[in-house]
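In: I would like to see how this sequence folds:
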Amino acid sequence: MGGARNNQNSRCPSHSKRARLHSQNCGDGRRGQIERPDMTQPPGSGWFPDPEGVPNQLRWWDGRQWTSATQPVARPAVTQAQPEAFTTPATTSQFAGEFPGLGIADTPGNEPKKKSNKVVIGAIAAGILVIIIGIAAVNGGKDKDSETTASSAMTSEAKTTAPATTTKSAAEVAASAAAATSARAASEAAAEAKRQAEAAKLDPNTYESMSDRDFALFAKNPDAYKGRKLTLYGVVFQADAATGSRMFLARTAGSPQDASYDYDQNTVVTAVDPTLIADVVEDDFVTLHVEVLGSQSYDTQRGGSTTAPKVQVNIITVTGSK
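Out: Coordinates of the predicted model:
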């Protein structure tokens, strides 16, 4: 019997300072468990420094005994877990020396786990979605405000530019009609006067006859006679390429003269219609019905300069030639 006991004791070593893991039953009837050394037990289950002294290794205490479950101290799950710290000062100080910096209360079924990457990605995506929705809402509000402002501006512009509609009284309507009639009549009268004036240009009886004295005054200051219609007599002394198709030079007088040398006043004669003077040549005796335009200075063929009356001929009659 004593040999059997000793044999059993050789298979089940006695407790030492460090607990040992057995693969078969020991004297206390526990299998696959670590016997805790003789020290004060932690108050609850959790991860604690390995009592066998393995560096940077935690071992699970289930509240009654040490288990075979171990994990490195540096595992992220340990740092991310929500520890259930010791709650009383006495308990904390009691295990401070034996289990420094650790007091993780938990059960093996609730061991800390790494957060799922899918959960993290989902949370990030949800945050981005919230930001995008917020930005869209702000921009939508701005766009709406811009549309409202533009609509208000267009409405205001329409109100500003819209023609005012007012109701006129019968007297105002009659006055407006009378004013329109008067304006129309004035326009028609002006047109008729212009027509008659043009017709009168072709009537020799509408031109003034001049005495020798009147002609002398005219020759002295032709600008004072501007616009007047006069009858002149003369002889052409230049009608060539130099004068052009709308002008010629003549020596004139206020009445017919017996000889060409008796016409002694140089006069610039122009025509609106070049066909009116197309058949006039040098040395022709002419009767002119003209409108006075004033005076004009020009260079003579002898190299000098002279100023002469300027007239516009409306009726011309060639009476002879030298």
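In: wait, isn't E208 in contact with L230?
Out: Yes: E208 lies in contact with L230 (CB atoms under 8 Å); the separation is 5.2 Å. Just so you know, the C-beta spots here come from the backbone N, C-alpha and C atoms, and that holds for glycine as well.
In: what sits closest to G234 if chain neighbours are left out?
Out: T252 (3.5 Å; CB to CB, 6 or more residues apart in numbering).
In: and E208 and L230? which has more neighbours close in?
Out: Neighbours per residue, other CB atoms under 10 Å: of E208 and L230, the larger number sits with L230, 21 against 12.
In: list phi and psi for that one.
Out: Main-chain torsions, L230, degrees, to the nearest 10: phi -130, psi 160.
In: what's the spacing between it and W66?
Out: Separation of L230 from W66 (CB to CB, to the nearest Å): 146 Å.
In: contacting residues for the residue nearest to G234?
Out: Contacts for T252 (CB atoms under 8 Å, 6 or more residues apart in numbering) come out as 232-234, 263, 265, 267, 288.
In: what helix or strand is it located in?
Out: Element membership of T252, judged by DSSP states H and E, is strand 247-253.
In: next SSE downstream of that strand?
Out: From strand 247-253, the next helix or strand downstream (DSSP H and E) is strand 265-270.
In: coming back round to it: could you list the buried residues of the strand holding T252?
Out: 247-253 (16 or more other CB atoms under 10 Å).
In: closest to E52 among the residues you listed?
Out: M247 (137.2 Å; CB to CB).
In: what sits against the residue nearest to that closest one when sequence neighbours are not counted?
Out: Distance criterion CB to CB, 6+ apart; nearest residue to M247, sequence neighbours excluded, is T270 at 4.9 Å. By CB under 8 Å, 6+ apart, T270 lies in contact with 246-247, 293, 310-313.
In: in the sheet, who's paired with T270?
Out: M247, Q312 (DSSP bridges).
In: find me the pLDDT at it, would you?
Out: pLDDT, T270: 97.
In: and stretch 220-231, end to end?
Out: Stretch 220-231 has its terminal residues 17 Å apart, counting by CA to CA, to the nearest Å.
In: got the contact list for it?
Out: Residues outside stretch 220-231 that contact it (CB under 8 Å, 6+ apart): 201, 204, 206-210, 217-218, 287-295, 308-311.
In: ditto for stretch 257-268
Out: 215, 219, 232-235, 247, 249-253, 283, 285, 296, 298, 306, 308-311, 322.
In: check which residues of it are buried.
Out: By 16+ other CB under 10 Å, the buried positions in stretch 257-268 come out as 257, 260, 263, 265-268.
In: what's the closest of the residues you listed to A241?
Out: Checking the buried residues of stretch 257-268 against A241 with CB to CB, the nearest one is V268 at 16.4 Å.
In: for the residue lying closest to that closest one once chain neighbours are set aside, what are its contacts?
Out: Nearest residue to V268, sequence neighbours excluded (CB to CB, 6+ apart): K310, at 4.4 Å. K310 makes contacts with 222, 267-268, 270, 292-296, as judged by CB under 8 Å, 6+ apart.
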